[in-house]
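**Q** can't give you the sequence, but here's the structure:
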Ligand code: ATP
């Protein structure tokens, strides 16, 4: 599909403190990009810079049109839900949308009811926003972010504080934004499990630094089981592995990392013994995606 946004070593310093430190992310058109990190990791600051709500200290970001050309005018095609959606508490949902449309210079407001229907708020009528549940507010925030017909949406922790039903509704809405409206989405969260239900690609951010960027498949592949194998002769053992039809392995320092048929340690060890090669150490390694995330970000996910 091609890229829609990339940042190039984008950095934000507050005094001497680097809230975002040389972060380069890549977002493909049509995907849901999950920005995951603990509280204070720098997610909001990064999104604010992309939304033009904060000025980078250094580095840049670029937005691309559907033809793959850098397009500064695409900045007007970004919809933003960062922190509290600035709504008027005494106005109802439609009036709030209309206020946003007027501020954006949009005169034709006939599509605003469609937006309300899309986020499941068409039936709320005259109810002022101050009487909305948190989930309704978030869905209104998403509708407000859609007023300018965006191609890219930035959603900062949209599920934070929601009850399970609210989470499911917002998750479903994000899925529909992507599939039905073809909007690319960057969504931040500190809860990997929730992100994993909507995201195709992840940026893992910690202490302002991008620790890893990977698609769902790449993450799973990084975490899949491997066999750590140390033998009396790793070169000869490599030949035996090939004879067994195992080709996805590499010699790393003093051992072999086998990434294929990692569960066949017993058979491998026996084949090595038949060639007079001793198995000095053998263990299966691997981790869940969550463990991998904890490993990169140093501990618990809920802070
Ligand atoms: P959270 O989910 O808690 O908002 P986050 O990952 O979005 O976390 P940011 O809000 O981007 O993190 O904050 C990153 C760091 O930058 C934090 O240590 C925060 O205190 C600091 N920070 C953010 N804005 C400012 C500011 N205007 N002045 C000084 N420091 C700031």
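**A** Cool, got the structure. Everything numeric in this text was worked out from a predicted model, so none of it was measured.

**Q** Get me the contact residues on the protein for the ligand.
**A** The chain has residues 14, 19, 37, 39, 40, 41, 42, 43, 44, 45, 157, 190 near the ligand, with proximity defined as C-beta under 6 Å from any ligand atom. For every residue, glycine as well, the C-beta is placed using N, CA and C.

**Q** Just the buried ones from the residues you listed, in PyMOL syntax?
**A** Only the buried entries of the residues of the chain next to the ligand go into this PyMOL selection, using 16 or more other C-beta atoms under 10 Å:
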select buried, resi 19+37+41+42+43+44+45+157+190
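
**Q** can I assume residue 183 is in contact with residue 150?
**A** Yes: the criterion here is C-beta atoms under 8 Å, and residue 183 meets it with residue 150 at 6.1 Å.

**Q** Look at these two and report which has more neighbours.
**A** residue 183 (23 against 20; other C-beta atoms under 10 Å).

**Q** how much space between residue 191 and the ligand?
**A** 11 Å (C-beta to the nearest ligand atom, to the nearest Å).

**Q** Next, count neighbours for that residue.
**A** 15.

**Q** Out of the residues of the chain next to the ligand, which is nearest to residue 237?
**A** Taking C-beta to C-beta as the measure, residue 237 lies nearest residue 37 of those, at 40.4 Å.

**Q** for the closest one, what are its contacts?
**A** 43, 188, 190, 204, 205, 206, 297 (C-beta atoms under 8 Å, 6 or more residues apart in numbering).

**Q** Buried ones among these?
**A** 43, 188, 190, 204, 205, 206, 297.

**Q** So which of these belong to helices?
**A** In this view, those that belong to helices under DSSP state H are 43, 297.

**Q** Give me the subset of the buried ones among the contacts of residue 37 lying in strands.
**A** With strands taken from DSSP state E, the overlap with the buried ones among the contacts of residue 37 comprises 188, 204, 205, 206.

**Q** Turn those residues into CSV, columns for distance to residue 88 and pLDDT.
**A** Output for those, formatted as CSV (distance: C-beta to C-beta, whole Å; pLDDT from 0 to 100):
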residue, distance to residue 88, pLDDT
188, 25, 94
204, 37, 93
205, 33, 94
206, 37, 93
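
**Q** Could you export these as a markdown table, including distance to residue 195?
**A** Listed next are those as a markdown table, based on distance: C-beta to C-beta, whole Å:
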| residue | distance to residue 195 |
| --- | --- |
| 188 | 9 |
| 204 | 10 |
| 205 | 12 |
| 206 | 15 |
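
**Q** Among those, give me the pair with the biggest separation.
**A** 188 and 206 (13.1 Å).

**Q** Any idea how far apart the tips of stretch 280-298 sit?
**A** 31 Å (C-alpha to C-alpha, to the nearest Å).

**Q** Equivalent analysis for stretch 113-126, please.
**A** 13 Å.

**Q** List of residues touching it?
**A** 92-94, 97, 132, 136, 139-140, 142-143, 146-147, 169, 173, 176, 181.

**Q** what's the answer for stretch 287-302, then?
**A** With C-beta under 8 Å, 6+ apart, stretch 287-302 has contacts from 36-38, 41, 190-193, 196, 204, 206, 211-212, 219-220, 222-223.

**Q** State the distance from the residue nearest to residue 55 when sequence neighbours are not counted to residue 6.
**A** Excluding its sequence neighbours, the residue lying closest to residue 55 (C-beta to C-beta, 6 or more residues apart in numbering) is residue 49, at 7.4 Å. Counting by C-beta to C-beta, to the nearest Å, the separation of residue 49 from residue 6 is 13 Å.

**Q** repeat for residue 273
**A** Taking C-beta to C-beta, one finds residue 273 at 51 Å from residue 6.

**Q** Compare those two (neighbour count), which wins?
**A** Legend: neighbour count by other C-beta under 10 Å for residue 273 and residue 6, higher for residue 6 (17 against 12).

**Q** wait, isn't that one in contact with residue 61?
**A** Yes: Residue 6 lies in contact with residue 61 (C-beta under 8 Å); the separation is 6.8 Å.

**Q** Residue 7 belongs to a strand?
**A** Yes: under DSSP: H, G, I helix; E, B strand; the rest coil, residue 7 sits within a strand.

**Q** What pLDDT is listed against residue 166?
**A** Per-residue pLDDT puts residue 166 at 88.

**Q** Mind checking what secondary structure the residue lying closest to it once chain neighbours are set aside has?
**A** The shortest distance from residue 166 to any non-neighbouring residue, by C-beta to C-beta, 6+ apart, is to residue 135 (3.0 Å). Here residue 135 is helix, with the state taken from three-state DSSP.
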